[in-house]
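# Let's see this in three dimensions:
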Amino acid sequence: MLRILRQIGRTGVLTEAPPATDDAALEAAGIELRRTLSSRFRGSFAIRHVDAGSCNGCELEIHALNNPYYDLERFGVHFVASPRHADGLLITGPVSRHMETALRRTWRAMPAPKIAISAGECACTGGMFGVSYASCGRADNVIPIDVRIPGCPPTPTRLLQGILAAIGDQR
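This is a model prediction of the structure:
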């Protein structure tokens, strides 16, 4: 134990530099998102996230949306625990056979009008998993998808732009 503590003392604190964000693109997307939410959703948009079998790369980027660098809630978008409170559904990962029923139930539990967004290469195309005995493939094979956000994983700014595209498409 003392050896480990001495090594920690010799090494010191090592931290990474904060991520470089394209503030102009983020702010432009955020302002447009806030404007669209004010006119169509009375200023707030609730998202229910479902991990249908991903590697958690997309989840890390989704969680980054809530950190102080991106701060998604300042634009009026927040994540909810219940599909009954959600306006949109955000799906990540290829839909595993075990999650197929849960995803359908979540989709049916959401009040209309509802939006489905697939985020990440696996949710959009099935990724390297495709359709197999254990995987239904892309989210489109299980429920209707309105917007696809490609990338492995998509950046937080890209996710924000995808949410804006989904909200902007609704009438």
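
# Now the top helix by length along the chain: buried residues?
Taking DSSP state H as the assignment, the helix of the chain that covers the most residues is helix 23-40. Neighbour counts using 16 or more other C-beta atoms under 10 Å place L26, A29, G30, E32, L33, R34, T36, L37 of helix 23-40 among the buried residues. C-beta here means a position set from N, CA and C on the backbone, and glycine is covered the same way.

# tell me which element the residue nearest to the first one when sequence neighbours are not counted is part of?
Among residues not flanking L26 along the chain, T157 sits closest, at 5.3 Å (C-beta to C-beta, 6 or more residues apart in numbering). Taking DSSP states H and E as the definition, T157 sits inside helix 156-169.

# mind checking how far that helix is from the chain centre?
Between the mean C-alpha point of helix 156-169 and the mean C-alpha point of its chain there is a distance of 10 Å (C-alpha atoms, centre = their mean, to the nearest Å).

# Going by neighbour count, list what's buried in that helix.
P156, T157, R158, L159, L160, Q161, G162, I163, L164, A165, A166, I167.

# just checking, what packs against it?
helix 23-40, strand 45-51, helix 57-64, strand 88-92, strand 115-119, strand 147-149 (3 or more C-beta pairs under 8 Å, 6 or more residues apart in numbering; DSSP states H and E).

# 6 Å instead?
Packed against helix 156-169, as judged by 3 or more C-beta pairs under 6 Å, 6 or more residues apart in numbering; DSSP states H and E, are the following elements: helix 23-40, strand 147-149.

# a markdown table for these, including mean pLDDT and distance to Y69?
Converted to a markdown table, these look like this (pLDDT from 0 to 100; distance: least, C-beta to C-beta, whole Å):
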| stretch | mean pLDDT | distance to Y69 |
| --- | --- | --- |
| helix 23-40 | 82 | 9 |
| strand 147-149 | 95 | 19 |
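
# Throw these into a markdown table and include distance to M110, thanks.
Formatted as a markdown table, the helices and strands packed on helix 156-169 follow (distance: least, C-beta to C-beta, whole Å):
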| stretch | distance to M110 |
| --- | --- |
| helix 23-40 | 17 |
| strand 147-149 | 15 |
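
# what's the angle from the helix holding T157 to helix 57-64?
80 degrees (axes from the mean of the first three to the mean of the last three C-alpha atoms, to 10 degrees).

# Helix 156-169 relative to helix 23-40, how many degrees between them?
With the same axes, to 10 degrees applied, the angle from helix 156-169 to helix 23-40 works out at 30 degrees.

# ok, back up a step: so which of the buried residues of helix 156-169 comes closest to H78?
Minimum separation from H78 among the buried residues of helix 156-169 (C-beta to C-beta) is found for I163, which lies at 11.4 Å.
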